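Q: no FASTA, just this:
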């Protein structure tokens, strides 16, 4: 009985003192050490609250011992049972719980019709057991002696009331009509936005620069663990994906023909932990369309009725590429994915066809271009073989020309070489030798010299033959004569005549001594005279 009276007396004293406090000087409120307090002596700071949960609330001021709910983690067990957790303490704001069942933060009422908890059954109360800890719930007007008490207030993410903890005693306050636990509204998981920006990377350097326009109408898709969203860039080249939770996403741009990504690929893995903007650059690609046609009238123009030709090979070179294609049944060879710049297009000539528009063309693209190449069927050409006729004659006067009375020479050998030919033939009874059926090319004609004869027309003849050349050659030879070399003489001296061989006198071969009267000669230099008998006189002043 004394214990009950003592507890009631403590409640009365606490309430009376509390009614004299001017808020917000909450620390001046008395600490409760009665049997209704969840935490003996209350808690006036978050750090103190944390300490009491970790280490227990300790004995009361009268020297009593604490029960199991005030042992280390004892109160935490109760708090956690109704939905109060340490992780929420950082969000507490100072407020007041009033006897009329309202909760205030500053001058703003944020809740009404609340219930207060305690360990004492103060009628009317509802008992709820939290494990071994019995807790009673009732309206504040039945347990509050003061009009208002300071409290830690937890507000939901939207500002609504979650719960309160009375600072003087640690008792929990909630507006849950079930009185069994606290219903809070957890803040929704934070979300972020991702903006994809698409631009025309004209200089294809992978960086957005002045003058490079944004591109409208480009589709992007973002995906991650069941999330799959798509959107298309607007007039400013941007599409924004909102409501993305923290994590790694794959952002993929639509692949478009005749465009090439310049910023590291069409797909990127993005770590989302804040709002982000990702730039995608693309440079436009171009194409060269080659059309091959049968230029029947060979005028270099594609005219009505002239069909396209299949199976003609074309090669495009330029900007570091070399690519070959063959025209299809529609006569088209299409080269795609080309950067802006200069390219050379070359046709591989086919046998039996003649180009009417040139076998190669150099063009600049950007935009794309279509080029026509015309061919006509080449006329058949009859190739006539070449022929060489040699007539060998006795050139008696050694003038290199055929003169009257100069007879032909039979059985004289000639060799023809050149263009895969090496032939030897001799002149017939008419002094004639013929080399025929010769291909176009260069040839060399050489006679086999006969002892005692000298060639007067050249013994090594070269010529080029083409397109059915018919060549007739007259080759002359003359019998060689002895030469007499005159020695140098003085006036009045006798000239010694000597038979020579190869232009050198033979020693001791004097054959004659002829005296000349030299008075009529007035020359101071060597003078050579050649007669038909090849006699040479050397005269000296």
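A: Yep, it's here. The structure presented is a predicted model; accordingly, all values stated were derived computationally and were not measured.
Q: List the contacts of the residue lying closest to residue 92 once chain neighbours are set aside.
A: Nearest non-adjacent residue to residue 92, counting by Cβ to Cβ, 6 or more residues apart in numbering: residue 152, 4.2 Å away. Using the backbone N, CA and C atoms, a C-beta is placed for each residue, glycine as well. Residues counted as contacts of residue 152 (Cβ atoms under 8 Å, 6 or more residues apart in numbering) are 46, 49, 89, 92, 93, 94, 95, 164, 165, 167.
Q: From residue 80, how far off is residue 152?
A: The spacing between residue 152 and residue 80, counted by Cβ to Cβ, to the nearest Å, is 16 Å.
Q: Quick check: pLDDT value at the residue lying closest to residue 246 once chain neighbours are set aside.
A: Computed as Cβ to Cβ, 6+ apart, the closest residue to residue 246 that is not its neighbour in sequence is residue 273, at 5.3 Å. Residue 273 is assigned 94 on the pLDDT scale.
Q: gap between residue 273 and residue 479?
A: Computed as Cβ to Cβ, the residue 273 to residue 479 distance reads 114 Å.
Q: Domains in the protein, by residue range?
A: Per the record's domain assignment (automatic domain parsing), the chain is made up of the domains 2-174, 191-284, 286-377, 386-479, 482-541.
Q: on that earlier part again, list only those of the contacts of residue 152 flagged as buried.
A: 49, 89, 92, 95, 164, 165, 167 (16 or more other Cβ atoms under 10 Å).
Q: you'd agree the second one is up against residue 48?
A: The reference is to residue 89. No - with contact defined as Cβ atoms under 8 Å, residue 89 does not reach residue 48; the gap is 11.0 Å.
Q: Break down the stretch 151-300 of the chain into its strands, ranges please.
A: Along the stretch 151-300 of the chain, the segments classed as strands by DSSP state E, counting those that start in this stretch run 161-166, 172-174, 191-200, 219-224, 227-232, 238-245, 247-253, 259-261, 267-272, 276-284, 286-294.
Q: And the most centrally placed residue in the chain, how far from residue 204?
A: The C-alpha lying nearest the average C-alpha coordinate of the chain belongs to residue 262 (Cα atoms, centre = their mean; 6.6 Å). Relative to residue 204, residue 262 is positioned 5 Å away (Cβ to Cβ).
Q: what sits in contact with each of these two?
A: Taking Cβ under 8 Å, 6+ apart as the contact criterion, the residues that touch both residue 262 and residue 204 are 281, 283.
Q: element containing residue 371?
A: Of the helices and strands defined by DSSP states H and E, residue 371 is found in strand 369-377.
Q: can you list the residues that contact that strand?
A: For strand 369-377, contacts defined as Cβ under 8 Å, 6+ apart pick out 286, 288-298, 300-302, 306, 309, 312, 314, 345, 347, 350, 352-358, 361, 363.
Q: Could you do stretch 405-416 as well?
A: Residues from elsewhere that reach stretch 405-416, judged by Cβ under 8 Å, 6+ apart: 388, 390-397, 422-433, 435, 443-448, 450, 475-477.
Q: from the chain's centre, how far out does stretch 109-129 sit?
A: If you compare the mean C-alpha spot of stretch 109-129 with that of the full chain, they lie 71 Å apart, counting by Cα atoms, centre = their mean, to the nearest Å.
Q: ugh, typo on my part, it should be stretch 354-367
A: Put simply, stretch 354-367 sits 27 Å off its chain's centre (Cα atoms, centre = their mean).
Q: same thing with stretch 96-104?
A: From the chain centre to the centre of stretch 96-104 is a distance of 69 Å (Cα atoms, centre = their mean).
Q: same deal with stretch 120-135?
A: For stretch 120-135, the distance between its averaged C-alpha position and the chain's averaged C-alpha position is 73 Å (Cα atoms, centre = their mean).
Q: cool, stretch 171-187 as well?
A: With Cα atoms, centre = their mean as the basis, stretch 171-187 stands 60 Å off its chain's centre.
Q: Next: stretch 449-459.
A: 75 Å.
Q: contacts for it?
A: Stretch 449-459 is contacted by residues 395, 398-400, 412, 446-447, 473-480 when judged by Cβ under 8 Å, 6+ apart.
Q: hmm, back to that, so what's the residue nearest to the centre of the chain up against?
A: If a contact means Cβ under 8 Å, 6+ apart, then residue 262 has 201, 204, 205, 206, 281, 282, 283 as its contacts.
Q: hmm, try it at 10 Å
A: 199-207, 280-283 (Cβ atoms under 10 Å, 6 or more residues apart in numbering).
Q: Neighbour count, distance to residue 160 and pLDDT added to these, as a markdown table?
A: As requested, these are arranged in a markdown table below (neighbours: other Cβ atoms under 10 Å; distance: Cβ to Cβ, whole Å; pLDDT from 0 to 100):
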| residue | neighbour count | distance to residue 160 | pLDDT |
| --- | --- | --- | --- |
| 199 | 22 | 45 | 96 |
| 200 | 18 | 50 | 94 |
| 201 | 24 | 50 | 92 |
| 202 | 16 | 54 | 87 |
| 203 | 13 | 56 | 86 |
| 204 | 18 | 55 | 85 |
| 205 | 13 | 53 | 91 |
| 206 | 13 | 50 | 91 |
| 207 | 13 | 49 | 93 |
| 280 | 25 | 42 | 97 |
| 281 | 24 | 47 | 95 |
| 282 | 22 | 49 | 94 |
| 283 | 18 | 54 | 92 |
